[in-house]
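In: give me a 3D structure for the following:
(one chain, ligands or ions: 2)
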Amino acid sequence: MALRCPDCGVAALGIEESIELGSDDRSDEVALQIVECHACGAEYVAVYEESRRGALDDESVWHAAYPADTEALNEVRSIIASCRDPREADCGCRGHQRAREFVQDEDSPGVDWEQPKPIVFVRD
Ligand SMILES: [Zn+2]
Ligand SMILES: [Zn+2]
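Out: Ligands and ions are numbered 1, 2, ... in the order given. As a prediction, the model looks like this:
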C-alpha cells in the first residue's frame, strides 16, 4: 500500500494503528487511525470514511490526516491499544466508544480538525 505523505509528498505514509468503527450517520465504514511517514517522520491522527450509499460505481472515500499534538496522538494510541480487537466494528468496549466520540465530536483537544490534509493513494 502506498499512501502519499501530506507533509513531504513521498509515498511512504503507513497506517500504524487503526480501529474500525462501522457505520455512522454519514458513512458505511469509519476508522480512526494513526498514520506515520517513514520518510520524514510526520505523524497524524487520520480518519477514513467510506460511503456506498450513492450510485453503485460511485463509491466515495474520505481519508484525511489531521495535525495533532503528542498528547492527542498518545490518546488515540491508548484508545486503540485498549481494545482487544480493533478490527471488530461491532465491539462495544470503552475504547471503541471513546474512538467514536473522538471522531464524531471533532472538537477533541490537540487535533487541528480545521486543517484536514487529504491522504492520496499512489499507484506504483
Ligand atoms: Zn513525509
Ligand atoms: Zn473494542
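
In: just the helices in the chain please.
Out: For the chain, applying DSSP state H gives helices covering 70-81, 94-105.

In: so for the last one, mean pLDDT?
Out: The reference is to helix 94-105. The pLDDT scores in helix 94-105 average 93.

In: burial measure for Pro67, as a count.
Out: 19 (other C-beta atoms under 10 Å). In short, each C-beta sits where N, CA and C put it, glycine included.

In: make that Glu75, sorry
Out: For Glu75, the number of neighbouring residues by other C-beta under 10 Å comes to 19.

In: residue ranges with poor pLDDT in this structure?
Out: The model of the chain has pLDDT under 70 over residues 1, 54-59, 124.

In: at 80 instead, please
Out: Across the chain, the ranges flagged by pLDDT under 80 are 1, 26, 53-59, 106-107, 123-124.

In: ligand 2 contacts on that one?
Out: Remark: the part of the chain in contact with ligand 2 comprises Cys83, Cys91, Cys93, Gly95, His96, using C-beta under 5 Å from the ion.

In: ok, now which ones touch the third one?
Out: The one in question is Cys93. Contact analysis of Cys93 by C-beta atoms under 8 Å, 6 or more residues apart in numbering lists Ser82, Cys83, Arg84.

In: phi and psi next, for the second one.
Out: According to degrees, to the nearest 10, the main-chain angles of Cys83 amount to phi -100, psi 140.
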